[in-house]
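*Asks:* Got a sequence here, can you model it:
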Amino acid sequence: MSEHQARAKELRERLVRWSKEYYQDDAPSVSDSEFDRALQALRQLEQEHPELATPDSPTQRVGAEPLKGFEPVTHRHPMLSLDNAFSSDDLIDFDRRVRERLDAAAIRYACEPKLDGIAVSIVWRDGDLVLAATRGDGRTGEGITQNVRSIECVPLQLKGADIPAYLEVRGEVYMPRAGFEQFNKRAREEGSKPFVNPRNAAAGSLRQLDSGITRKRPLAFCAYSLGHMESDGGPFASHSEAMQQLSEWGIPISEYGRVVDSIAGCEAYYEELAESRQRLSFDIDGIVFKVDDLALQQQLGAVSRAPRWAIARKFPAQEEMTVVRGVEFQVGRTGAVTPVARLDPVFVGGVTVSNATLHNADEIDRLGLMTGDTVVVRRAGDVIPQVAAVVADRRPDDAEPIAFPEQCPACDSTLVRAPGEAVWRCESGLGCPAQRRASIAHFVSRRAMDIDGLGEKIIDQLLASDLVQTVADLYRLNTEQLADLERFGEKSAENLVAAIAKSRDTSLERFIYALGIREVGETTARQLAAYFGNLDPLIQASVEQLQEVEDVGPVVAGHVVGFFAEPANRRTMDSLIDLGVHWPIPEPDQGGSQLSGQTWVVTGKLEAMSRDGAEEALRALGAKVSGSVSGKTTAVVAGPGAGSKLKKAETLGIEVIDETEFLSRLNSWQA
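*Replies:* Reported below is the predicted structural model:
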């Protein structure tokens, strides 16, 4: 066997094994980028040595054989995969090939985000959903009709006029980021296996033999193409026209779809989505560009596994492989001990990552992780990089087990694990230097007391010099003390003292949040402040009284009561108030506030003020501000980039105003 034959054989065997893990087991052992590199290497090898190409090569396949346990469904037309572009040059080459085949100077392209989920085909007969299937191997998929029927956004019956007698739509089932994070958090708390990434979460949820399980998973659907249609009406002229009609029939489509006039427009769209990618509520791994004219698509045709009229421009990988060199244990503000993997630096999700969270001791056990292991590291959006999986067959002989400490790494106190919790904690409170440092960093943060210029390095200096032991000590600092510290001058000392002084004038909700009570975030702090009106009633509240506050359950109520029962916490609060920290005491709301009883939603990007500022202004006028649109919503303030919330408001007939109108009304309300 020649060197090239051996290499091709090795790549095929790897890709077949990885494909089974990815498509059938929903448990990949390597990152997407590793798979793509191997597939690209095999394709290149087969192009350079055509005698090595075989009909069953992974380069000729779309997905994997259908799973047993589901009824097989044969697609009327094959569900093809897409070729990938990894650079601007690849995209330009694609456009050149298209224009040369069509003998055209320029081509209109439809642009859509490439959702990171699982491809499905859904069929409606006379408007009723009758069939759904996975892509499978491209020709035969798995029948998953009942599971797809359980996805809330998929219409069981189409609405509107001219509904076709037969309509097949292709699209992506995916799991939004918030649902994925919440599902994995619950899985870790319960000691069950979390999913590696949202794509596998969607696939694993959709391919359940019990549709009741699928119903409980936070899945969504987005159509990306028309499969087959039988209708009295004429055919659509373009992909974009077809997508718009699907939307009118009630089928979800991408709100980010756009048509551009040239490949330059495709490049601009790619850059725009790449910049806003992290702010999306779902994962995308690239952009799909399609020739918009359906007649031209027909003329271009397809090769064995991919159409010639479409390509996927991939983003930098959100998953990569690297090696764990060690594990450190960090103590957080609430005493939780979190293991952090120290990695060989790797570029993933647009940044270089050298650390990744391992969550807790159970997660280390579940992964079977050892130092020296090769791992898949995932980073999506603003989520902290995490170790998603161990590549077991790459474990070196000198790999070492990871021992979770029995004592706090910062103060040597014995760690405690409460019944039913996955987290080990140090219960020394502010007696633990790590907790003390983290509590000060939280207290001064932007959404808490917002003390500008007081970063972690300065906090370390203040602690090391013994100028600060509690957050109250911050308000005792003077310029002379600060000017004596390294890298401080008189001006920088004056600026910091001024910033600390400015923070004395705050709000009750910010103060409550700044205290760092366990599981009391911004929303809960706001609700506690609104309900109790001042600090003393909150301090004196019982567990039962606290549970009368919206979204406060027995666990959070217990944390609040426990925090205020601690003498050291009470002393710190008294000191802060004695040192001038204060907030306005609201007058009792007699229903006379301008917006009393109303519920508002702010969405999109505002130019003249921040969304936080708009929401605070609305609350000051007595309105409740919600993060979601419902039938109880009074009005929506929509800035540029407003998406699903704006659409839902329009569907429900709720008043929508832009920022200019909002500012005008705000001026009249405050006059």
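*Asks:* per-residue pLDDT, L209?
*Replies:* For L209, the model assigns a pLDDT of 68.
*Asks:* Now do the same for the host helix or strand of S664: mean pLDDT, whole number.
*Replies:* Assigned by DSSP states H and E, S664 falls within helix 659-670. For helix 659-670, mean pLDDT is 87.
*Asks:* cool, stretch 82-99 as well?
*Replies:* pLDDT averaged over stretch 82-99 gives 90.
*Asks:* how about it: buried residues?
*Replies:* Within stretch 82-99, the residues scored as buried using 16 or more other C-beta atoms under 10 Å are 82-86, 91, 94-95, 98. Every C-beta, even on glycine, is put in place using the N, C-alpha and C of the backbone.
*Asks:* swap in stretch 612-622?
*Replies:* 614-622.
*Asks:* need the residues you listed in CSV with pLDDT, can you?
*Replies:* Formatted as CSV, those follow (pLDDT from 0 to 100):
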residue, pLDDT
A614, 87
E615, 84
E616, 81
A617, 85
L618, 88
R619, 81
A620, 79
L621, 85
G622, 81
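*Asks:* Serialize those to TSV and add fields for distance to R17 and secondary structure.
*Replies:* Formatted as TSV, the buried residues of stretch 612-622 follow (distance: C-beta to C-beta, whole Å; DSSP: H, G, I helix; E, B strand; the rest coil):
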residue	distance to R17	secondary structure
A614	53	helix
E615	51	helix
E616	55	helix
A617	58	helix
L618	56	helix
R619	56	helix
A620	60	helix
L621	61	coil
G622	62	coil
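*Asks:* Just name the closest of those to M321, please.
*Replies:* For the buried residues of stretch 612-622, the minimum distance to M321 (C-beta to C-beta) is 41.8 Å, reached by E615.
*Asks:* so who does the residue nearest to that closest one when sequence neighbours are not counted touch?
*Replies:* Excluding the flanking residues, the one nearest E615 by C-beta to C-beta, 6 or more residues apart in numbering is V625, at 4.5 Å. Neighbouring residues of V625 by C-beta atoms under 8 Å, 6 or more residues apart in numbering: 599-602, 615, 618-619.
*Asks:* again with V327
*Replies:* Here V327 is in contact with 339-342, 358, 364, 371, 402 (criterion: C-beta under 8 Å, 6+ apart).
*Asks:* Give the buried residues for the strand or helix carrying it.
*Replies:* According to DSSP H and E, V327 maps onto strand 319-331. Within strand 319-331, the residues that qualify as buried are 319-324, 327, 329, 331, counting by 16+ other C-beta under 10 Å.
*Asks:* can you check stretch 448-458 too?
*Replies:* 448-449, 451, 454, 458.
*Asks:* likewise stretch 421-431?
*Replies:* 422-426, 428-430.
*Asks:* List of residues touching that stretch?
*Replies:* 188-189, 191, 331, 334-337, 359-363, 404, 408, 410-411, 413, 415-418, 432, 434-436, 439, 469-470, 566, 568.
*Asks:* average pLDDT across that stretch?
*Replies:* For stretch 421-431, mean pLDDT rounds to 86.
*Asks:* and it, how far apart are its ends?
*Replies:* From its first residue to its last, stretch 421-431 covers 23 Å (C-alpha to C-alpha, to the nearest Å).
*Asks:* For A132, state which of the contacts of V327 is nearest.
*Replies:* L358 (37.4 Å).
*Asks:* And the pLDDT for the closest one?
*Replies:* Looking at L358, its pLDDT reads 92.
*Asks:* Enumerate the positions of the least confident helix or strand in the chain by mean pLDDT that are buried.
*Replies:* In the chain, the helix or strand scored least confidently by mean pLDDT, DSSP states H and E is helix 211-215, which has a mean of 73. Within helix 211-215, the residues scored as buried using 16+ other C-beta under 10 Å are 214-215.
*Asks:* Quick check: which ranges of the stretch 351-500 of the chain have low pLDDT?
*Replies:* 380-383 (pLDDT under 70).
*Asks:* List only those of the contacts of V327 flagged as buried.
*Replies:* So, by 16+ other C-beta under 10 Å, the buried ones in those are 339-341, 358, 364, 371, 402.
*Asks:* farthest pair in those residues?
*Replies:* V340 and T371 (12.6 Å).
*Asks:* Just confirm A483 contacts A493, I think it does.
*Replies:* Yes - counting by C-beta atoms under 8 Å, A483 touches A493, with 4.4 Å between them.
*Asks:* more crowded one of those two?
*Replies:* The residue with more neighbours, out of A483 and A493, is A493; 19 against 15, by other C-beta atoms under 10 Å.
*Asks:* So the more buried one is in contact with L467, correct?
*Replies:* No - here A493 does not reach L467: they are 11.8 Å apart, not a contact under C-beta under 8 Å.
*Asks:* joint contacts of these two?
*Replies:* Q481.
*Asks:* L496 - how many residues pack around it?
*Replies:* L496: 20 neighbours (other C-beta under 10 Å).
*Asks:* repeat for D551
*Replies:* 9.
*Asks:* Quick check: pLDDT value at the residue nearest the centre of the chain.
*Replies:* Centroid-nearest residue in the chain, with C-alpha atoms, centre = their mean: R177, separated by 3.5 Å. As predicted, R177 sits at a pLDDT of 84.
*Asks:* which residues touch the nearest residue to P584 once chain neighbours are set aside?
*Replies:* With C-beta to C-beta, 6+ apart as the measure, S507 is the residue that lies nearest to P584, at 7.3 Å, once sequence neighbours are left out. By C-beta under 8 Å, 6+ apart, the residues touching S507 are 529, 583-584.
*Asks:* Could you identify the most distant pair in the contacts of V625?
*Replies:* V601 and R619 (12.9 Å).
*Asks:* Secondary structure element for Q146, which one?
*Replies:* Assigned by DSSP H and E, Q146 falls in helix 145-149.
*Asks:* which is the next helix or strand following that helix?
*Replies:* Defined by DSSP H and E, the subsequent element after helix 145-149 is strand 166-174.
*Asks:* picking that back up, just name the closest of the buried residues of stretch 612-622 to P640, please.
*Replies:* Of the buried residues of stretch 612-622, the one sitting nearest to P640 (C-beta to C-beta) turns out to be A614, at 14.0 Å.
*Asks:* OK, contacts around the closest one?
*Replies:* Shown in contact with A614 (C-beta under 8 Å, 6+ apart): 602, 606, 637, 662.
*Asks:* got those residues as a markdown table, with neighbour count, secondary structure and distance to Q594 columns?
*Replies:* As requested, the contacts of A614 are exported to a markdown table (neighbours: other C-beta atoms under 10 Å; DSSP: H, G, I helix; E, B strand; the rest coil; distance: C-beta to C-beta, whole Å):
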| residue | neighbour count | secondary structure | distance to Q594 |
| --- | --- | --- | --- |
| V602 | 26 | strand | 16 |
| L606 | 20 | coil | 20 |
| V637 | 26 | strand | 15 |
| F662 | 23 | helix | 13 |
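*Asks:* Between those, which has the least confident prediction?
*Replies:* Ranking those by pLDDT, L606 lands last with 83.
*Asks:* Is it in contact with G639, as I believe?
*Replies:* Yes - the pair L606 / G639 is scored as a contact, 4.5 Å apart, by C-beta under 8 Å.
*Asks:* intersection of neighbour lists for these two?
*Replies:* The contact lists of L606 and G639 share E659, where a contact means C-beta under 8 Å, 6+ apart.
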